[in-house]
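I need the structure of the sequence given here:
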Amino acid sequence: VQLQASGGGLVQAGGSLRLSCEASGGGFSAGAMRWFRQAPGKQRELIAQITRDDVTAYAGSVEGRFTIFTDSGKKSLSLEMNSLKPEDSAVYYCNIDDITDSIIRTYWGQGTLVTVSS
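Now for the predicted structure:
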């Protein structure tokens with residue numbers, strides 16, 4: 001399974017961006033799907049998750065501003081980011097669990113850079 005993240009860029013504070021993560025390689029069954037981010041000098045943090053049953057959860061720092069969603073076939077993961085703040089600047093990574101034959105394998109995208117200017 002390969003994950004290709006896109007949609008990052010430079011945006012002013014208060015602006016919006018939509019990140020996308022496309023899964024390819026076929027033959028996988030998506031379990032939980034997540035977005036992480038990592039700012040310079042900081043640990044990677046989980047900011048949003050959507051389960052196989054479309055239950056979502058968010059870190060407190062982004063709740064109410066970010067929305068995670070998938071397509072019906074669970075091959076594409078997106079993150080709608082609104083009211084962006086400079087502290088949202090980071091490399092954003094998508095992460096997907098593949099559950100096949102009762103084995104969970106986790107895959108990462110390559111990251112996409114988001115920079116929010118003040």
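
switch to C-alpha atoms for all contacts and neighbour counts from now on
OK.

Am I right that T67 is in a helix?
No. Using DSSP: H, G, I helix; E, B strand; the rest coil, the assignment for T67 is strand, not a helix.

isn't it right next to E80, touching?
Yes. Between T67 and E80 there is a contact under CA atoms under 8 Å: 5.0 Å.

the more surrounded of the two?
The residue with more neighbours, out of T67 and E80, is T67; 19 against 14, by other CA atoms under 10 Å.

For the protein, just list every one of the helices.
Shown for the chain, no helices are assigned by DSSP state H.

Show the model's pLDDT score for the nearest residue to I47 once chain neighbours are set aside.
Nearest non-adjacent residue to I47, counting by CA to CA, 6 or more residues apart in numbering: A59, 4.8 Å away. We have a pLDDT of 98 for A59.

can you check G26 too?
For G26, pLDDT reads 68.

same check, this time on the one 3 residues further on
Note on S29: pLDDT of 84.

From the centre of the chain, point out the most distant residue.
D101 (25.1 Å; CA atoms, centre = their mean).

any weak-confidence spans in this structure?
26 (pLDDT under 70).

how much space is there between the residue lying closest to S61 once chain neighbours are set aside and S29?
In this structure, S61 finds its nearest non-sequential neighbour in I47, 7.9 Å apart by CA to CA, 6+ apart. For I47, the distance to S29 equals 22 Å [CA to CA, to the nearest Å].

From what I see, F66 and K85 are in contact.
No. Between F66 and K85 there is no contact, the gap being 11.6 Å when judged by CA under 8 Å.
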